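# pasting the structure only:
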């Protein structure tokens, strides 16, 4: 059974601090996505990484796919209250039509 | 706006009742996925349809059923509702190329009293 372990489950920090969220698995994925979900709304796709070692930047967010395509990280620099939300990672494999979802990281950025 | 439309946005009903949730995927997307999200929980995959046919099944209860119609819209039917079925139900669609990316609707919040 493929699993994606996401950590931490919950993070509350002050505005301006940096943070990293991790997504780990023993399985290899052909691609991995990060989503952000705000309360009462659907998840919104932030990024897809497909190549081992790939790094993508989205303003203050940096996403990295592990060399072996088994793990990924999301780093936020100088977090702002607008970054508050539930961050979800999801992995796709060539052998399975279903995405494997992490349990999510609930992030609160305090002004 | 993801382009995925879900109705109704909110639904309150009683135990034992039956409800139908509706989803229209993004233009051009052939796959529709249904997910359940209970309070402060992650996403639980229920079922996927591709061009009218069931493609994959997740943790969907026997009391729940779904279908995708020729115009590609989908409906999720929930019957004999229980208190524990109260949740957000999301529909998502994906483009034909297999990158796995999903585009979610805003969800239907079901409250069973």
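Alright, I've got the coordinates. As the structure is a prediction and not an experimental result, all values here were calculated from the model.
# excluding chain neighbours, what is closest to residue 60?
All of this refers to chain A. Distances taken as CB to CB, 6 or more residues apart in numbering or on different chains place residue A:77 nearest to residue A:60, at 4.7 Å, with adjacent residues excluded. Where C-beta positions appear, they are placed from N, C-alpha and C, glycine not excepted.
# nope, chain B please
Per CB to CB, 6+ apart, closest to residue B:60 is residue B:46, 4.4 Å.
# and if you look at residue B:73?
Nearest to residue B:73 is residue B:24, by CB to CB, 6+ apart, at 4.7 Å.
# for that neighbour, give me its contacts.
B:4-6, B:72-73 (CB atoms under 8 Å, 6 or more residues apart in numbering or on different chains).
# farthest-separated two in these?
Within these, B:6 and B:72 form the most distant pair, 14.0 Å apart (CB to CB).
# hang on, residue B:107 packs against residue B:90?
Yes - applying CB atoms under 8 Å as the test, residue B:107 and residue B:90 come out as touching, 4.8 Å apart.
# and residue 109, what does it touch?
Using chain A. Residue A:109 neighbours (CB under 8 Å, 6+ apart): A:13-15, A:79-84.
# that was the other one, I meant chain B.
So residue B:109 contacts A:40, B:9-11, B:87-89 (CB under 8 Å, 6+ apart).
# where's it, which helix or strand?
Per DSSP states H and E, residue B:109 falls inside strand B:108-112.
# and residue B:72, by the same measure?
Using DSSP H and E, no helix or strand contains residue B:72.
# what's the closest non-adjacent residue to residue 10?
Reading this off chain A. residue A:106 (4.8 Å).
# try chain B instead
Nearest non-adjacent residue to residue B:10 (CB to CB, 6+ apart): residue B:109, at 5.0 Å.
# pLDDT wise, what is that neighbour at?
If you check residue B:109, the pLDDT there is 96.
# done for today, thanks.
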